[in-house]
Structures are given as structure tokens and as C-alpha cells.
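*Asks:* Got a predicted structure here, sequence first:
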Amino acid sequence: MPITPLRFVVGTYNLWNYKYWDSRKESLHQFITLHQPDILCLQELCPQSRNLLDQTLPNHQRVEDSFEGWFREGNIYWNKALFNLIVYGAEEIGHLEKWRRLFWVKLQPKYLDMPPLLVTTAHYTWSGNKQERKDGVNIRITQAQNTIRVLNQFTSPQDSLLFMGDLNDNFLPLQILREAGLTDCFSALGRAPHITRPTMPTLFHVPETLDWILHRGNLKPMNCDAVDFFINNVAPSDHKPVLATYRFLDK
């Protein structure tokens, strides 16, 4: 009888730092309780949201490190029943923000004799950043190029990897990532990417697609969505989370 390949749910979520935290925390708690992604990549993490996630995801592990970026910007949670941590790191890719990095973990699936999985996340610089407005240069192009440089240091084109996060862009950085062999989960399924910001009625803003899940190597998405979620008309963040179910391909 053939063995069913491992399937797991991944998510990326910009948590909006601590803005309006008291009004949003219950909504975030309920979202995580109901959805329980096996791998969760975070941007704009803060100590309050990290504590909430630690309590809401008791069967998950995250990176514990003295570098402040791991609890003031980004982190990665993974289901301990499915994956073991091999190694982790945080790489400079040209951010204008003090604590932002390309955060990554290498995970070993516990079942089916699968190869390691590299999981990475980043929050590219906002296009309204004062320095970018002054220089007139799209810094996200450099950040995307450096992302590929880092990914290629840790993997070959055949290795399984996930890169996800808030790219604050939907064109040139995506083109750079795609030219390096990465595919976003929506395009892989022949679907149009969804709007991920804003989450109305929590925030009114010009609709944008900023949050992405991309993959390369021995992985295939089975479904994906940018999730609308509210408790009493309050969303957990100004961004929608993007969730996707992946499976490892047969060897």
C-alpha cells in the first residue's frame, strides 16, 4: 500500500505590532485556536502577541534567542508532533528597520523519511519609509535579491523550502523571486492572488496584495486562502493571514 505524503498547513501573518492590542487580542486568540497552522511565520511580532501565541499553541515550538528581532519583529512556530528543529538563523538582507531580518529554521519532518524543510520569513520595507521616499529607490528589489542569495546558500534548487511574509509589494520583488524558481501558492493552483490588506471594518485602506507564501523544491500546495476573520467586527490585524496546505511530493 502506498504511503500518503505528509500534509501540513502553513501560514504567514503580519500581527500589526501592538497597535490597538487590547481590542484585537481576543480575535487573534480565537483565530489561532480555530486554525492551528502547523507552521506559522510572523511579522510585526511583539512581546504581547508572542506571549498570547505561546499560550494558544502549546503543541508548537518557536525560536528562543537573545536577538531582539526574534520577539520584536519576526519568529516561526512549528508543530512539534510533525517537525524537529535542526538549526535556525537570522540574516541581513538590507532592511532599513533595526530588528528586521530574514528569519529561518531548518526542520526535519518526523515521518515518512522526508528530507529537511527550510522555512523562511521576512518583512520587506514599506514603500512609504522616509529613507525610500528620500532616495527614490525601491529597496524591496535589493531585499528580494538578497533573499535569493541567502536561500541559495542553504539549499539547492531541488531542496524543499518555503519563503513567506509581508513583502509590501506585488510586482518587481515577486518577479525576482519567481525568476529564481519560487512559486506562490495561488499561482501554483491557477488562482489569482487575494487581497491581504486591509481587513475592513478594522481598517480602511486601498486594497493591496502584500502577503505571500512561496515554495520551491519537493512541495506542492493543495489549497490556499487569504482569510477573513472577525470577532465582534474586529479583525486580529490590519493584514489578513494567508494559509496554505502543502504536501511533500512522492520521491
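*Replies:* Structure's in. What do you need? A quick note: this is a predicted structure, and the numbers were derived from the prediction, not measured.
*Asks:* how about the strands in the chain?
*Replies:* Using DSSP state E, the strands assigned to the chain run over residues 7-14, 39-43, 60-62, 75-79, 83-91, 102-109, 117-123, 160-166, 183-184, 211-216, 219-226, 242-248.
*Asks:* Not counting the third one itself, show me its contacts.
*Replies:* Okay, so that is strand 60-62. 40, 50, 53-54, 75-80, 85 (C-beta atoms under 8 Å, 6 or more residues apart in numbering). Glycine gets a C-beta too; all of them are placed from N, C-alpha and C.
*Asks:* out of the strands of the chain, deepest packed?
*Replies:* Mean neighbour counts were taken over those using mean count of other C-beta atoms under 10 Å, and the top value, a mean of 27, falls to strand 39-43.
*Asks:* tilt between that one and strand 83-91?
*Replies:* Strand 39-43 and strand 83-91 are oriented at 20 degrees to each other (axes from the mean of the first three to the mean of the last three C-alpha atoms, to 10 degrees).
*Asks:* in its sheet, what does strand 39-43 sit against?
*Replies:* Looking at strand 39-43 with DSSP bridges, its paired strands and their directions are strand 7-14 (parallel), strand 75-79 (antiparallel).
*Asks:* want to throw these into a markdown table with distance to Ile195?
*Replies:* Output for the strands paired with strand 39-43, formatted as a markdown table (distance: least, C-beta to C-beta, whole Å):
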| stretch | distance to Ile195 |
| --- | --- |
| strand 7-14 | 14 |
| strand 75-79 | 25 |
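*Asks:* Same list (those strands) but as JSON lines, adding mean pLDDT and distance to Asp166.
*Replies:* Listed next are those as JSON lines, based on pLDDT from 0 to 100; distance: least, C-beta to C-beta, whole Å:
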{"stretch": "strand 7-14", "mean pLDDT": "97", "distance to Asp166": "4"}
{"stretch": "strand 75-79", "mean pLDDT": "98", "distance to Asp166": "14"}
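*Asks:* Tell me the spacing between Gln30 and Tyr13.
*Replies:* 14 Å (C-beta to C-beta, to the nearest Å).
*Asks:* Now do the shared contacts for those two.
*Replies:* With the criterion set as C-beta under 8 Å, 6+ apart, the contacts of Gln30 and Tyr13 do not overlap.
*Asks:* buried ones in the helix-or-strand element of the chain with minimal mean pLDDT?
*Replies:* The helix or strand with the lowest mean pLDDT-type score in the chain, counting by mean pLDDT, DSSP states H and E, is helix 130-135 (a mean of 92). Along helix 130-135, these residues count as buried under the neighbour rule (16 or more other C-beta atoms under 10 Å): Glu132.
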